[in-house]
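> Structure here, sequence nowhere to be found:
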């Protein structure tokens, strides 16, 4: 579903013009463990001080590959496939154990993924340093069975079960490639708006909604003709989309507007604009609750929950430090959110209440580490995965009851001091390197307009 813009490794020169260069500061290896440990400390420290009435926000932290961004849920296997943009592989998480059971090498810079229920396959979009491809993974063997050439910098991926086709947004070409899942060949290329990223399939209308990041529009493609039938103006830098079948609406996250636009598929009109956290970068629809989860990164690292009944934000939770994609697991009633800066996936229940504001805990928080990287098309077993379980009791006492207040203050002070030290050191490295930490997609938007 989701996709991310082209990410350059540190020191790598882009082969594209400056307007198309989207570098990201690559984290130094010796800071990765410290960053991940900080996330664990934040979770466990918050578990000590959060009242039991708040409920649990993060139930597991799963360590994956380098730079996780997009993900896709496979209901037939109960697995979540996560693209790791810097390690060029896909981590497969079992939702029953919250462990990585396989790492599958794909093309370079995998940025988007979608599950094909008819074939039992996952389609993964790879930048491949300017030679865009889609890797096809069989979920029965966790091996790559095909590689398909598409446009330049493929990102978002969406599956159309009615046609047995996969739609892929090519960011630099301004096109969408249509792949037949029976032949694994491109059957059409459709021109849309500038820099398409996210896609959402609407089965009721047989249409694909395409978020055009540069134009601030959403293009609507009919899957019967493979033509654009409408263009809808939304907010600034639309980046990802999700379909709500109960309401017949499409939710679109606007990266720079800090908002979500709601489009009615009946008349292709925007019916609401909802303010969320800064830089929303991930969307997932929860049919059990009739809610849309919005992951915002960079500034707030906030997960906002929107009720589709009144298009109002009903809950906010601050988690992690670099949220990107988010996907819903219908069997478990859980959200899997990719945490780019920590190389992890956060597992959250879908029952967040409006009172929830921080990482809470009413049971155990499990921290799982990744299995070893595999060679092309191979996988490794969960036996290689180690875990750290930090248990807490049901009905944890609130602040001021059984837990001494000075212990609470000490925990908060230690966690805060560590966080400040890490952030200060990261800021110093950023100022010396001259490369912003956040994705340069965050700066390309204005630069692209100036260069046009």
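Nice, I can see it. Because the structure is predicted, anything quoted here is derived from the model rather than measured.
> Not counting sequence-adjacent ones, nearest residue to residue 328?
Spatial nearest neighbour of residue 328, excluding adjacent residues (CB to CB, 6 or more residues apart in numbering): residue 284 at 4.4 Å. Just so you know, the C-beta spots here come from the backbone N, C-alpha and C atoms, and that holds for glycine as well.
> Could you do residue 210 as well?
residue 219 (4.4 Å).
> helices or strands up against the strand or helix carrying that neighbour?
In this assignment (DSSP states H and E), residue 219 forms part of strand 217-222. Packing contacts for strand 217-222, counted by 3 or more CB pairs under 8 Å, 6 or more residues apart in numbering; DSSP states H and E, involve strand 207-212, strand 227-233, strand 238-244.
> Any idea which of these gets closest to residue 351?
In terms of CB to CB, the element of these nearest to residue 351 is strand 238-244, at 18.5 Å.
> partner residues bridging the residue nearest to residue 210?
Counting by DSSP bridges, residue 219 is bridged to residue 210, residue 231.
> To what extent is it buried, counted in neighbours?
Residue 219 has 24 neighbours, counted by other CB atoms under 10 Å.
> which residues does it contact?
192-193, 196, 209-210, 212, 228, 230-232 (CB atoms under 8 Å, 6 or more residues apart in numbering).
> can you pick the most crowded of the residues you listed?
residue 196 (35 neighbours).
> And what about the residue lying closest to that residue once chain neighbours are set aside, helix, strand or coil?
Take residue 196 and drop its neighbours on the chain: the residue closest to it by CB to CB, 6+ apart is residue 169, 3.9 Å away. Put simply, residue 169 is strand when judged by DSSP: H, G, I helix; E, B strand; the rest coil.
> So residue 129 belongs to a helix, correct?
Yes - under three-state DSSP, residue 129 falls within a helix.
> For residue 131, see how far away the residue lying closest to it once chain neighbours are set aside is.
Excluding the flanking residues, the one nearest residue 129 by CB to CB, 6+ apart is residue 108, at 5.8 Å. Residue 108 sits 9 Å away from residue 131, going by CB to CB, to the nearest Å.
> quick one, which of these two is more surrounded?
Remark: of residue 108 and residue 131, residue 108 carries more neighbours, 17 against 12, as counted by other CB under 10 Å.
> what sits against the more buried one?
88, 126-129.
> again, but for residue 244
Residues near residue 244 by CB under 8 Å, 6+ apart: 250-251, 285, 292, 308.
> same question, residue 340
67-69, 297, 322-324.
> One more pass at 7 Å, please.
Neighbouring residues of residue 340 by CB atoms under 7 Å, 6 or more residues apart in numbering: 67-69, 322, 324.
> Need those in CSV (columns: neighbour count and distance to residue 155).
Converted to CSV, the contacts of residue 340 look like this (neighbours: other CB atoms under 10 Å; distance: CB to CB, whole Å):
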residue, neighbour count, distance to residue 155
67, 26, 14
68, 32, 15
69, 28, 10
322, 24, 18
324, 26, 12
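> Now the two most distant members of the contacts of residue 219.
196 and 230 (14.6 Å).
> SS state for residue 341?
Residue 341, by the three-state scheme (three-state DSSP), is helix.
> pretty sure it is touching residue 324, no?
No - with contact defined as CB atoms under 7 Å, residue 341 does not reach residue 324; the gap is 9.5 Å.
> one step back: can you list the helices and strands packed on strand 217-222 in CSV and add mean pLDDT and distance to residue 80?
Output for the helices and strands packed on strand 217-222, formatted as CSV (pLDDT from 0 to 100; distance: least, CB to CB, whole Å):
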stretch, mean pLDDT, distance to residue 80
strand 207-212, 98, 22
strand 227-233, 98, 30
strand 238-244, 97, 16
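> Walking through the stretch 251-400 of the chain, point out its strands one by one.
259-264, 269-275, 280-286, 291-296, 302-307, 312-318, 323-329, 334-339, 344-349, 365-368, 387-390 (DSSP state E, counting those that start in this stretch).
> re the thing from before, let me see the mean pLDDT of the strand holding residue 219.
Mean pLDDT, computed over strand 217-222, is 98.
> and the angle for that strand with strand 269-275?
140 degrees (axes from the mean of the first three to the mean of the last three CA atoms, to 10 degrees).
> about what we covered before: contacts only, for the residue nearest to residue 196.
Residue 169 neighbours (CB under 7 Å, 6+ apart): 3, 154-156, 176, 196-197, 199, 210.
> out of those, who's nearest residue 80?
Looking across the contacts of residue 169 and measuring by CB to CB, the closest to residue 80 is residue 3, at 16.2 Å.
> So residue 85 sits against residue 109, correct?
Yes - using CB under 7 Å, residue 85 makes contact with residue 109 at a distance of 5.3 Å.
> wait, which of the strands of the stretch 251-400 of the chain is closest to residue 100?
Taking CB to CB, strand 365-368 is the member of the strands of the stretch 251-400 of the chain nearest to residue 100, at 6.8 Å.
> what about the closest one, average pLDDT?
Mean pLDDT, computed over strand 365-368, is 58.
> now swap in stretch 57-65 and tell me
93.
> measure it end to end?
Start and end residues of stretch 57-65 are separated by 23 Å (CA to CA, to the nearest Å).
> List of residues touching stretch 279-286?
2, 239-244, 251, 253, 255, 258, 260, 292-299, 323-328, 335, 337, 350.
> can you do 8 Å?
Outside of stretch 279-286, the residues within contact range by CB under 8 Å, 6+ apart are 2, 198, 239-244, 251-256, 258-260, 291-300, 304, 323-328, 335, 337-338, 350, 438, 442.
> lowest-confidence helix or strand of the protein?
strand 387-390 (a mean of 28; mean pLDDT, DSSP states H and E).
> Test my guess that residue 185 contacts residue 179.
Yes - contact criterion CB atoms under 8 Å: residue 185 and residue 179 qualify, at 6.9 Å.
> where do the contact lists of the two overlap?
residue 148.
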